[in-house]
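In: give me a model of this one.
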Amino acid sequence: MNNLSQLHQQLCHSHGLLINQNNQEATKYLADKIPQFTKGVCYEYRAAELNHPCDFLVAYDTSEETLLQLRGLFDSIEQHQSKQINEFLDLYTQHRCLRDIPLIWLSFDWSKTHYPIIPTFYISTQHYSYVKGEKLNDTIKHALSTLAPNSLALGEALARKLEYGKLNHIGFTFARDSLKTKFTITLECEHVLPQLALFEWQGDVAHLQSVLNIASELSHKVQISISFTDQLSTKIEVELPWVRQEKDNYINDEFIERVIDICDKEPNYHRLNDVSKWLENNPNNKAFYTKFSIFEDGSCNLKSYLHSSPQPKRRLFG
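Out: This is a model prediction of the structure:
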């Protein structure tokens, strides 16, 4: 079942308390409207905020049929950002360096009262051939020059300084108040601070170290996201490991107390225990992960992302 509307409806039925908090109709309308052949969805869950609508992320493959549907979506939106996205989609078939991009993510980031017309737009560079070198550099050049020209010079400079990790995603925050480019990088926990020093990142190292202490106890690798225009933001995001089975679930009382301690003593994080229910009675492929965000003002929060993808079709013979 790759139909987005059906997948969303099924998940609402089985886990509606987690993914629909106080605006079920807005998410349903979106799931019915956008291209239907999805590779998976992610629902943001904000434990610290009671009854708050959340971001809705949808993944698509880069087949010719899917790209045609995405072009149709953005053709229907009369904004210059949608034209920029379609210009980039047109480049996909023109430049060999882009053809190993396996996934495109659209993130409809909830904004006060509504979902945005233009989503935040992510391309995946997880394929092994994007480790370093000309192919990655050309991909960055095509993507940033088309979607966020003001970020191009710094983006290319950051790529040259990437010594310790691999660039896995490139994002463009069209759904936010201001357009920024986001690099999501996977690397060893012990290399996060040395890599950020090479980037000349000026954020809150002490706060970040508290988060890395938790991350390093769960895995030797971590995924970080940095944002920039022509200047590098001091905001940073740290993604903890994905949980696909209950035996790997690290959310317990001790973890929650450490989150509360880091995130401004917010007691509502006790609701994180509810996230584990995502793994129960879920008929689809399912997983979740949590992500710390340390903001420019030094504040910090943790959000969860509930992922589900359609079960692959079973072969009847062979």
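
In: could you use CA atoms for every contact and neighbour count after this?
Out: Fine.

In: which stretches in this structure count as strands?
Out: Under the criterion DSSP state E, the chain contains strands at 40-45, 56-61, 103-108, 120-124, 165-172, 181-188, 221-228, 232-239, 285-294, 300-309.

In: quick one: which of those strands is nearest Lys132?
Out: Each of the strands of the chain was scored for nearness to Lys132 using C-alpha to C-alpha, and the closest is strand 165-172 (7.7 Å).

In: for the closest one, packing partners?
Out: strand 120-124, strand 181-188 (3 or more C-alpha pairs under 8 Å, 6 or more residues apart in numbering; DSSP states H and E).

In: dump the ones you listed to TSV, plus mean neighbour count.
Out: Conversion of the helices and strands packed on strand 165-172 to TSV gives the following (neighbours: other C-alpha atoms under 10 Å):
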stretch	mean neighbour count
strand 120-124	20
strand 181-188	21
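
In: with distance to Thr139 and mean pLDDT added, can I get those in a markdown table?
Out: What follows is these, written out as a markdown table (distance: least, C-alpha to C-alpha, whole Å; pLDDT from 0 to 100):
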| stretch | distance to Thr139 | mean pLDDT |
| --- | --- | --- |
| strand 120-124 | 10 | 97 |
| strand 181-188 | 13 | 98 |
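
In: same list (those strands) but as TSV, adding distance to Leu154.
Out: Output for those, formatted as TSV (distance: least, C-alpha to C-alpha, whole Å):
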stretch	distance to Leu154
strand 120-124	18
strand 181-188	10
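
In: what's the closest of these to Leu162?
Out: Among the helices and strands packed on strand 165-172, strand 181-188 comes nearest to Leu162, with 9.1 Å by C-alpha to C-alpha.

In: ok, and what's touching that closest one?
Out: Defining contact as C-alpha atoms under 8 Å, 6 or more residues apart in numbering, one finds that strand 181-188 is touched by 144, 148, 151, 164-173, 220-229.

In: buried ones among those?
Out: Among those, those buried by neighbour count (16 or more other C-alpha atoms under 10 Å) are 144, 148, 151, 164-173, 221-229.

In: so, low pLDDT: which residues of the chain?
Out: When the per-residue scores of the chain are filtered using pLDDT under 70, the ranges that remain are 1-2, 20-22, 51-53, 311-318.

In: mind checking the longest helix of it?
Out: Of all the segments of type helix in the chain, defined by DSSP state H, the longest one is helix 4-19.

In: just the CA trace of it, in CSV.
Out: Taking Å, rounded to 0.1, in the frame of the first residue of the first chain, the C-alpha atoms of helix 4-19 are listed here in CSV:
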residue,chain,number,x,y,z
LEU,A,4,-0.5,8.2,1.0
SER,A,5,-4.1,8.9,1.9
GLN,A,6,-4.8,5.2,2.8
LEU,A,7,-1.6,5.0,4.8
HIS,A,8,-2.4,8.1,6.8
GLN,A,9,-6.0,6.9,7.4
GLN,A,10,-4.7,3.6,8.6
LEU,A,11,-2.3,5.2,11.0
CYS,A,12,-4.9,7.6,12.3
HIS,A,13,-7.0,4.6,13.1
SER,A,14,-4.3,2.7,14.9
HIS,A,15,-2.3,5.5,16.5
GLY,A,16,-4.4,8.6,16.2
LEU,A,17,-3.7,9.9,19.7
LEU,A,18,0.0,10.2,18.7
ILE,A,19,-0.3,11.8,15.3
